[in-house]
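**Q** Next input, structure requested:
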Amino acid sequence: MASASPKSSHSTSKQNFDKVSDIAKIDFSSSEQFTSDLPNDFLGFCINCGNSASIHISDEQGGIIGSMCLSCHNESMAGLTDTDMPAHIPKKLSFHNIDGKTSKFNIEFMIFATGKTLTATQVGKVKRKIDVFGELDDDFNVMFETLKSRIKKFLSVTYMQPNGYFVESKVVGYIEFNLERQACDVIIDGKPYTWSELEKNLSAHEGWKIKIEFGDVGDVLE
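**A** Next up, the predicted model:
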């Protein structure tokens, strides 16, 4: 990624931030995908405060016009959608597993044009991801308690055996793009599996029925 000075990014932020606020069209893609389109003054830095940015903002034609850090993005979207910002947003949570070990999670809160999300991502080699979706007027504290409840439930369940076979007849996880393989992994119990690694579970159930179900952000698949 090309380097840019936070100071130069900040010096041009007011004009562009006003433009972004008027358009309010957000593209939440990875920053690495836009290094060729983004002006040097904007690359990697928030157009409002100059801090490191992870959210890219597009105009009505889909062209990238700047980037924002999560805090400035939320403040902007809160103003645009007339949504109250929580007084305090915990950034980390820790839970004790049934095996006595401690699992730590990073917490991310994000406001969209049509709702808001709370996402917990496990820290370390095992990366379980749990989220909650809420309407713009939903109570943050209720969402947060729901998130904690879901984390505890996820930590109490194991879907995969060490040998790569399912513990029972179903698994629940999420799909994540693997930059090294340039293909998607299926994350189960916080660990990545390729489709070829999961194939032996299909072979073991030849003749059985199968159900594949996809859930959106905040959905709970049982």
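
**Q** can you list the domains in this structure?
**A** The chain resolves into domains spanning 6-81, 92-155, 159-208 when parsed by automatic domain parsing.

**Q** In CSV, list these along with mean pLDDT and mean neighbour count.
**A** (Glycine included, C-beta is placed from N, CA and C.) What follows is those, written out as CSV (pLDDT from 0 to 100; neighbours: other C-beta atoms under 10 Å):
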stretch, mean pLDDT, mean neighbour count
domain 6-81, 62, 17
domain 92-155, 91, 16
domain 159-208, 92, 12
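
**Q** Nearest to Val217, out of the ones you listed?
**A** Of all the domains of the chain, domain 92-155 sits nearest to Val217, with 5.2 Å by C-beta to C-beta.

**Q** re the thing from before, please produce JSON lines containing the domains of the chain, extended by distance to Asp219.
**A** Below are the domains of the chain laid out as JSON lines (distance: least, C-beta to C-beta, whole Å):
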{"stretch": "domain 6-81", "distance to Asp219": "18"}
{"stretch": "domain 92-155", "distance to Asp219": "8"}
{"stretch": "domain 159-208", "distance to Asp219": "11"}
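
**Q** quick one, which of the ones you listed is nearest to Gly218?
**A** Ranked by C-beta to C-beta, the member of the domains of the chain that lies closest to Gly218 is domain 92-155, at 2.5 Å.

**Q** Helix or strand next in line after the lengthiest helix in the chain, which one?
**A** If each helix of the chain is counted by residues according to DSSP state H, the longest one is helix 140-155. Reading on from helix 140-155 to the C-terminus, the next helix or strand found by DSSP states H and E is strand 173-178.

**Q** For that following strand, list the C-alpha coordinates in CSV.
**A** As requested, the backbone C-alpha atoms of strand 173-178 are provided in CSV (Å, rounded to 0.1, in the frame of the first residue of the first chain):
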residue,chain,number,x,y,z
GLY,A,173,-19.6,-21.8,10.9
TYR,A,174,-18.9,-18.9,8.6
ILE,A,175,-17.2,-18.3,5.3
GLU,A,176,-14.0,-16.2,5.0
PHE,A,177,-11.8,-15.4,2.1
ASN,A,178,-8.2,-16.7,2.4
